[in-house]
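Q: Sequence and predicted structure below; questions after.
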Amino acid sequence: MGREHWKKIWVGSAGNMVEWFDWFVYASFATYFAGAFFPEGNETAKLMNTAGIFAVGFFMRPVGGWLLGRVGDRKGRKAALTLTVTLMSASAVLIAVAPTYSVAGYGGAAVLLVARLLQGLSVGGEYAASATYLTEASAPGRRGLASSFQYVSMTVGQILGLGLQIILQRTMSDDALHSWGWRIPFIIGALGAAVVFYLRRNMLETDVYEEDDEATPEQEKGTIKGLLAHKREAVLVIALTMGGTVAYYTYTTYLTKYLSNSAGLSKQTATLVSFCALIVFACLQPLAGALSDRVGRRPLLITFALGSTFLTVPIMTLLQHAGSFWPAFGLSLLALVVITGYTSINACVKAELFPTGVRALGVALPYAIANALFGGTAEYVALWFKDAGVESGYYWYVAGCAAVSLVVYLTMRETRDIDLKSVGRASPAAPSTPEASRVPPA
């Protein structure tokens, strides 16, 4: 890829990194601020309260997917990406200044809830806007590699959040972290968003969007009516996302809590395990993305689904008895290697299914719905099983979701060689190739 392509990928990825830093530090620092917004009581109950607010943010993602997907298709990918980072910055500021329960009662939890709603709105559009932008900005035949940087940037955001947590854990007392130190990452996130806002104001629009903009009737751009002409693809996005999003949130945002709350590791050790495993995970994304450009998307998706279906229960069971850093690190890394088959290419696979005029909305809304139903509730479901005394039930739940997606991967069409400028041109509702006829109506 040329310098121009890499510049577009860098700017799109930098914003995504800050978005997911803010999104992730809520989950990773929840063990420290859970008691700040709710009265004293059972520790698992406090985590369930904050996890519930975490899940609420996901239920705003379909709204954000619709609103910002519409902006992306009608006003351009650049406009949508600039708006998402603005919303994320506002939410980070709100969390940083939210009053505690001792100061304002449940008023602080209300501020936290509003902030999470803004985050959900922002991330609901960010995923699709960045997935679409990175896919369209890449050179022909390199879309898998280029779009893999979405999860590189997402993971780097998480690594930065965990790295900051490790630093704060080693430089501040536990009491200070619980009292006020947890606010630091949200302040940093707000400042980072301001920098990315400047970068995105000067970013370049994709050639695919600019060349195809006038070819699509204005009344069809980014509309539900336009999306319904591709309802088969929209349902396909929901189905292929189901297993991947549950597995991803299990082994990233929930992993640190699981290691400390269930496996008995200290918070410091649990954080270090996640930090080291995610560094390797980030490095794997471009390798897997480039591999998909050679062998296709379906082999990687099928490998992920098989691994997640049959390995989740043994991995989670062994993690619960890991006892120390190295066993926990090895098992966590194995899990992340498995889900790389999904994370490295899911952005381009979804973008490759839709024509330019509804591509951002087509990726955003179905994906956000799947995340609201499965990704956003993953942590809450896990804690519910734990509170009910049958924590192993969650392992089977994750495996079951992966099994459903496996069926979809086995029957879907290959999207690697699709021309982004001609998707859906001939007949929006019909498959574009003979192989496409294998896509189930779901």
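A: Arrived safely, thanks for sending.
Q: Low-confidence bits of the stretch 101-250 of the chain, can you list those?
A: 213-216 (pLDDT under 70).
Q: what are the ranges of the helices in it?
A: 101-104, 107-137, 143-147, 149-171, 174-179, 184-201, 207-212, 224-228, 231-251 (DSSP state H, counting those that start in this stretch).
Q: With just CA atoms, put the fifth one into PDB.
A: As requested, C-alpha coordinates have been extracted for helix 174-179 and formatted as PDB (Å, rounded to 0.1, in the frame of the first residue of the first chain):
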ATOM      1  CA  ASP A 174      -5.300   0.900  47.100                       C
ATOM      2  CA  ASP A 175      -7.300   3.400  49.100                       C
ATOM      3  CA  ALA A 176      -6.200   6.300  46.900                       C
ATOM      4  CA  LEU A 177      -7.200   4.400  43.800                       C
ATOM      5  CA  HIS A 178     -10.600   3.600  45.200                       C
ATOM      6  CA  SER A 179     -11.000   7.200  46.500                       C
END
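Q: elements contacting that helix?
A: helix 30-33 (3 or more CB pairs under 8 Å, 6 or more residues apart in numbering; DSSP states H and E). Quick note: C-beta positions are derived from backbone N, CA and C, even for glycine.
Q: next one: the helix it packs on to chain centre, how far?
A: When C-alpha coordinates are averaged (CA atoms, centre = their mean, to the nearest Å), helix 30-33 and its chain have centres 21 Å apart.
Q: Not counting its neighbours along the chain, what's nearest G15?
A: V196 (4.4 Å; CB to CB, 6 or more residues apart in numbering).
Q: got the phi/psi numbers for the closest residue to R416 other than its chain neighbours?
A: Spatial nearest neighbour of R416, chain neighbours left out: G296 (4.8 Å); criterion: CB to CB, 6+ apart. When quoted as degrees, to the nearest 10, the phi and psi of G296 stand at phi 100, psi 170.
Q: phi, psi of the closest residue in space to L118 that isn't next to it in sequence?
A: Closest residue in space to L118, ignoring its immediate chain neighbours: S91 at 3.8 Å, by CB to CB, 6+ apart. Main-chain dihedrals, S91, degrees, to the nearest 10: phi -70, psi -40.
Q: Next up, the contacts around S91.
A: Residues in contact with S91 (CB atoms under 8 Å, 6 or more residues apart in numbering) are D22, A115, R116, L118, Q119, S122.
Q: picking up where we left off before, would you reformat the helices of the stretch 101-250 of the chain as a markdown table and include mean neighbour count?
A: Below are those laid out as a markdown table (neighbours: other CB atoms under 10 Å):
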| stretch | mean neighbour count |
| --- | --- |
| helix 101-104 | 12 |
| helix 107-137 | 26 |
| helix 143-147 | 29 |
| helix 149-171 | 21 |
| helix 174-179 | 14 |
| helix 184-201 | 19 |
| helix 207-212 | 17 |
| helix 224-228 | 16 |
| helix 231-251 | 24 |
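Q: Kindly present these as JSON lines, with separate columns for distance to V56.
A: What follows is the helices of the stretch 101-250 of the chain, written out as JSON lines (distance: least, CB to CB, whole Å):
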{"stretch": "helix 101-104", "distance to V56": "18"}
{"stretch": "helix 107-137", "distance to V56": "6"}
{"stretch": "helix 143-147", "distance to V56": "29"}
{"stretch": "helix 149-171", "distance to V56": "20"}
{"stretch": "helix 174-179", "distance to V56": "23"}
{"stretch": "helix 184-201", "distance to V56": "17"}
{"stretch": "helix 207-212", "distance to V56": "32"}
{"stretch": "helix 224-228", "distance to V56": "24"}
{"stretch": "helix 231-251", "distance to V56": "15"}
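Q: closest one to L287 among these?
A: L287 lies closest to helix 143-147 among the helices of the stretch 101-250 of the chain, at 9.0 Å (CB to CB).
Q: Just list what the closest one packs against, helices and strands only.
A: Helix 143-147 packs on helix 107-137, helix 267-295, helix 346-351, going by 3+ CB pairs under 8 Å, 6+ apart.
Q: and the angle for the longest one with helix 149-171?
A: I take that to be helix 107-137. 140 degrees (axes from the mean of the first three to the mean of the last three CA atoms, to 10 degrees).
Q: relative to helix 184-201, how tilted is helix 107-137?
A: 40 degrees.
Q: okay, the residue nearest to L118: pLDDT?
A: You'll see S91 listed with a pLDDT of 90.
Q: And the helices and strands packed on helix 143-147: which comes nearest V235?
A: Short answer: helix 346-351, nearest of the helices and strands packed on helix 143-147 by CB to CB, at 12.2 Å.
Q: Surely D207 touches E136?
A: Yes. Assessed by CB atoms under 8 Å, D207 is found in contact with E136 at 7.5 Å.
Q: So for D417, which of the helices and strands packed on helix 143-147 sits nearest?
A: So among the helices and strands packed on helix 143-147, helix 267-295 is nearest, using CB to CB, at 10.0 Å.
Q: now that closest one against helix 231-251, angle please.
A: 150 degrees.
Q: Buried residues, helix 267-295. List them.
A: By 16 or more other CB atoms under 10 Å, the buried positions in helix 267-295 come out as 267, 269-278, 281-282, 284-286, 288-289, 291-293.
Q: Tell me which helix or strand comes right after that helix.
A: Downstream of helix 267-295, the first helix or strand assigned by DSSP states H and E is helix 298-320.
Q: Mind giving me the packing neighbours of the helix or strand following that next one?
A: Once the chain leaves helix 298-320, the next helix or strand it forms, by DSSP H and E, is helix 325-343. Using 3+ CB pairs under 8 Å, 6+ apart as the contact test, the elements touching helix 325-343 are helix 231-251, helix 267-295, helix 298-320.
Q: any chance of those helices in JSON lines, plus distance to I418?
A: Converted to JSON lines, the helices and strands packed on helix 325-343 look like this (distance: least, CB to CB, whole Å):
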{"stretch": "helix 231-251", "distance to I418": "11"}
{"stretch": "helix 267-295", "distance to I418": "13"}
{"stretch": "helix 298-320", "distance to I418": "13"}
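Q: Mind checking those helices for the one nearest to A146?
A: helix 267-295 (7.5 Å).
Q: Who are the packing partners of that closest one?
A: Against helix 267-295 (3+ CB pairs under 8 Å, 6+ apart) you get helix 143-147, helix 149-171, helix 255-261, helix 298-320, helix 325-343.
Q: other SSEs contacting the third one?
A: For helix 255-261, the packing partners by 3+ CB pairs under 8 Å, 6+ apart come out as helix 30-33, helix 43-59, helix 267-295, helix 298-320, helix 376-387.
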